[in-house]
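Novice: with the sequence up front, the predicted model follows.
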Amino acid sequence: MPFHNKLKLHEAIVFATRAHHGQVRKGSDVPFMIHPFETAQILTEAGCSDEVVIAGLLHDTLEDTETSSTDISSAFGYKVLGLVFASSEDKRQEWEVRKQHTIDYLKHEATQDEMLLICADKLSNLRAIRYEKDLMGEVAWARFKRGKDMQKWYYEGILNTLDPIKHYAMYAEYKWLMEELF
């Protein structure tokens, strides 16, 4: 990785950490930043471009922080902004509408980079669910407003759109975790 890209990656780490300062994972005391770090790690292991890895670090900033599109495009460019936007949900919409939109977007419009980013994001979520389920058993599903059956619907819907990236290790792990959890 060229020196300039390492600086951009560092800048993205600082940017995301500041944006998510004080946030924790849903229903826990685990710092939220673990999730963007893990998402970026999955993308790095998959050999993704620097822009995709940076988008992995920033992927929740638009929907979960005060970060604006201009903040991201000014600091990291329009490609990163486009990737972050593709993986963001409109939280004003009902849960089912948001999740169906993501599935439909992946099925009909997403680029390979967007698929990789969304797969890495959801894989990180599935890892967290598996970890909590191992610790707490089936009660782990209680932290979700939509329980196990709706989570299965959503994560299965995502999996069914990811055939173009099935040769990636993250896809295989995602599929395996689906079988383990559901």
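Specialist: Happy to help now that I have it. Numbering: from 1, shown residues only.
Novice: now Ala86: how far from Met170?
Specialist: Distance from Ala86 to Met170, counting by Cβ to Cβ, to the nearest Å: 17 Å. C-beta coordinates here come from the backbone N, C-alpha and C atoms, glycine included.
Novice: same question for Tyr155.
Specialist: Tyr155 is 14 Å from Met170, by Cβ to Cβ.
Novice: repeat that for Gln93.
Specialist: Taken as Cβ to Cβ, the span from Gln93 to Met170 is 27 Å.
Novice: which of those two has more neighbours?
Specialist: Taking other Cβ atoms under 10 Å, Gln93 and Met170 do not tie; Met170 has more neighbours (20 against 12).
Novice: ok, the residue nearest the centre of the chain - contacts?
Specialist: For the chain, the residue sitting closest to the mean C-alpha position, by Cα atoms, centre = their mean, is Asp121 at 2.2 Å. Going by Cβ atoms under 8 Å, 6 or more residues apart in numbering, Asp121 touches 35, 39, 56, 59, 87.
Novice: wasn't the third one part of a helix?
Specialist: Yes: residue assignment for Gly56, taken from DSSP: H, G, I helix; E, B strand; the rest coil, places it within a helix.
Novice: gap between it and Ile42?
Specialist: When Gly56 is compared with Ile42 (using Cβ to Cβ), they lie 7 Å apart.
Novice: got a pLDDT number for the nearest residue to Lys107 once chain neighbours are set aside?
Specialist: Once flanking residues are discounted, Lys107 sits nearest to Thr161: 4.5 Å by Cβ to Cβ, 6 or more residues apart in numbering. Looking at Thr161, its pLDDT reads 98.
Novice: again with the one 5 residues further on
Specialist: Per-residue pLDDT puts Lys166 at 98.
Novice: repeat for the one 10 residues further on
Specialist: The confidence metric pLDDT takes the value 98 at Trp176.
Novice: for it, give its distance to Glu89.
Specialist: 25 Å.
Novice: then Gln112?
Specialist: 21 Å.
Novice: the two: which is more packed in?
Specialist: Glu89 (16 against 12).
Novice: contact partners for the more buried one?
Specialist: 63, 98-99, 101-102.
Novice: so it sits in a strand?
Specialist: No: per three-state DSSP, Glu89 lies outside any strand segment and is coil.
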